[in-house]
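1. Give me the fold of what follows.
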Amino acid sequence: MAEIIPLTPGETSSPTEPFRGGACKLHPQTMCPAFGALRVLTRIEGAQPAMVTDTGCLYGLTFVTHFYAARKSIVAPALGTAELSSGKVQEAANAAIAEAASEPNVSFIPVISLCVAETAGLAEELLPKEIDGKPVILVRVPAYAIHSHPEAKDVALAAVMRRFVDTTGDHEPRTLALIGEVFPADPLLIDGVVRKMGGRVVTTIPGRHIDEIRQAGRAAAVAALHPFYRETIGVLRERGVAVVSGAPIGAEGSAAWLRAIGAALELDEDTVERVAAEEEATARGFLASKPLQGATILVSGYEGNEMLYARLLIEGGARVPYVSTSIGPSALTAADEAWLKAHGTEAVIYRKTIEDDKAAMERWSFDLIIGTTTLAAYAKERGIPAVYYTNILSVRPLFLAGGMIASLNFVRDLINRKPIYDRMLAFFEGNERQEGAR
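-> The predicted structure is shown next:
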């Protein structure tokens with residue numbers, strides 16, 4: 001079992017920056033971190049967020065919350081320049097909490113504190129602990145302290161867990177909890193294989209019910225499928241839940257992960273080995289066709305699980321010299337980073353910027369760009385097949401042999417679209433020449 005010891009608060013690592021020496025990465029080019037916290041909190045049934053920030057932030061975050069997360073209103077005080085300078089932020093926050101508690105079907109109120117409210121001095125000790133029996137939970141997500149929306153998901157989930165996870169009681173033997181916003185079919189695939197070994201998956205968090213969070217605290221082990229849930233894992237470790245790092249990726253990664261799960265759940269070793277060997281054989285049978293042989297691919301995104309996809313592509317035969325992500329380095333990312341560098345990845349960039357990604361495109365010649373919308377547009381202008389990571393790849397199966405086969409087949413199809421990009425490039429270049437001739 002690979003047990004994770006999260007970095008202590010404030011502890012950082014210093015990633016190399018081969019493209020932009022001395023570049024400031026304090027404010028990565030990503031959406032407001034609070035979006036990640038809202039995405040987790042608004043999806044929980046019974047949660048009624050109260051957000052303490054200025055009206056500009058409220059407008060933008062209300063929009064993205066409705067668009068991406070849940071059809072749920074956000075209760076917030078009207079905080080403009082006059083209100084913020086009057087020193088009455090605390091009173092306004094308490095009033096918003098009381099309003100949130102009066103909404104129908106509310107079971108708890110997460111209070112989301114953003115940058116302005118943080119600097120204005122919102123005092124946690126002056127907030128109510130509960131109203132009418134409904135717990136009030138402060139979630140601090142200032143952008144200057146939390147630098148990406150995946151990491152804000154972790155902050156939000158950990159805050160809710162601290163309030164609702166029981167610190168007493170026994171763990172349910174042979175039960176596994178999963179952590180990560182994964183494709184809905186992936187937990188089912190994982191559960192099916194774990195059941196063959198004699199265990200079972202009982203919940204996947206973050207989820208839609210408080211009961212799922214409570215269930216995670218009663219599990220015998222937790223699998224950190226995504227590497228940025230550091231605080232959440234810390235809460236579960238304090239509860240005595242065993243922690244397994246990594247994810248069931250590709251042939252090599254899946255077999256190793258299943259063995260680690262078997263050890264954590266104390267399952268029969270012979271049964272675990274048989275199931276792990278079967279899963280590896282299925283994966284290697286597909287990989288023998290070398291579906292991505294000869295392709296060079298760039299992987300970049302802001303979801304925090306980019307290294308998992310890079311591992312999958314490399315096992316599929318691709319060359320992946322460059323991987324970048326918006327999250328920061330930690331003990332949870334170390335194993336994947338080491339694996340990638342041992343298998344030909346020359347640069348793993350944390351807190352990446354578009355300038356990093358564009359510089360990588362100048363350094364290597366890529367057959368496919370998997371990245372943000374901005375980077376994908378930049379690549380398409382140059383006739384390189386490109387796809388938006390979040391909406392196209394991150395929403396597909398990934399884990400075990402089934403997810404691997406589906407993902408690699410899709411990526412192979414993307415690469416095979418190169419002639420379409422060549423025709424598109426020739427078309428626009430021809431039009432430009434015609435315009436110039438006029």
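2. Name the SS class of the closest residue in space to Phe183 that isn't next to it in sequence, please.
-> Once flanking residues are discounted, Phe183 sits nearest to Pro397: 5.2 Å by C-beta to C-beta, 6 or more residues apart in numbering. Quick note: C-beta positions are derived from backbone N, CA and C, even for glycine. Following DSSP: H, G, I helix; E, B strand; the rest coil, the label given to Pro397 is coil.
3. For Pro397, give me its contacts.
-> Contacts for Pro397 (C-beta atoms under 8 Å, 6 or more residues apart in numbering) come out as Phe183, Ala185, Asp186, Leu189, Gly403, Ala406, Ser407.
4. The fifth one and Leu313, how far apart?
-> It stands for Gly403. Distance, Gly403 to Leu313, by C-beta to C-beta, to the nearest Å: 13 Å.
5. same deal with Pro49?
-> For Pro49 relative to Leu313 (C-beta to C-beta), the value is 37 Å.
6. swap in Glu181?
-> In terms of C-beta to C-beta, Glu181 sits 21 Å off from Leu313.
7. which one of those two has more residues nearby?
-> Leu313 (25 against 22; other C-beta atoms under 10 Å).
8. quick one: that one is in a helix?
-> Yes. Leu313 forms part of a helix when assessed by three-state DSSP.
9. Could you pull out the buried residues of stretch 125-138?
-> For stretch 125-138, the neighbour count (16 or more other C-beta atoms under 10 Å) marks Leu127, Ile131, Lys134, Pro135, Val136, Ile137, Leu138 as buried.
10. what's the first-to-last distance across that stretch?
-> One end of stretch 125-138 sits 10 Å from the other (C-alpha to C-alpha, to the nearest Å).
11. what's the spacing between it and its chain's center?
-> Relative to its chain's centre, stretch 125-138 lies at 29 Å (C-alpha atoms, centre = their mean, to the nearest Å).
12. got it, and stretch 288-306?
-> The chain centroid and the centroid of stretch 288-306 are separated by 17 Å, computed with C-alpha atoms, centre = their mean.
13. What of stretch 215-234?
-> That offset, for stretch 215-234, works out to 13 Å (C-alpha atoms, centre = their mean).
14. Check stretch 142-160 too.
-> The chain centre lies 11 Å from the centre of stretch 142-160; the measure is C-alpha atoms, centre = their mean.
15. before we move on, what about stretch 360-368?
-> That offset, for stretch 360-368, works out to 25 Å (C-alpha atoms, centre = their mean).
16. Show me the shaky parts of this structure.
-> 1-30, 67-70, 117-121, 430-438 (pLDDT under 70).
17. those strands in the stretch 101-250 of the chain, which residues are they?
-> Per DSSP state E, counting those that start in this stretch, the stretch 101-250 of the chain carries strands over the ranges 109-113, 130-131, 134-140, 172-179, 200-205, 219-224, 242-244.
18. tell me the most buried of those?
-> Neighbour counts averaged per stretch over the strands of the stretch 101-250 of the chain are highest for strand 109-113, at a mean of 26; criterion: mean count of other C-beta atoms under 10 Å.
19. Give me the sheet partners of that strand and which way each runs.
-> Under the criterion DSSP bridges, strand 109-113 sits next to strand 50-52 (parallel), strand 134-140 (parallel) in its sheet.
20. Ile420: which of these is closest?
-> When these are compared by C-beta to C-beta, strand 50-52 sits nearest Ile420, at 44.0 Å.
21. Quick one: name whatever helix or strand follows the closest one.
-> From strand 50-52 onward toward the C-terminus, using DSSP states H and E, the following helix or strand is helix 55-64.
22. Would you quantify the distance from Arg412 to Ala76?
-> As judged by C-beta to C-beta, Arg412 and Ala76 stand 47 Å apart.
23. Compare the two and say which one has the larger neighbour count.
-> With neighbours defined as other C-beta under 10 Å, Arg412 and Ala76 compare such that Ala76 has more, 25 against 18.
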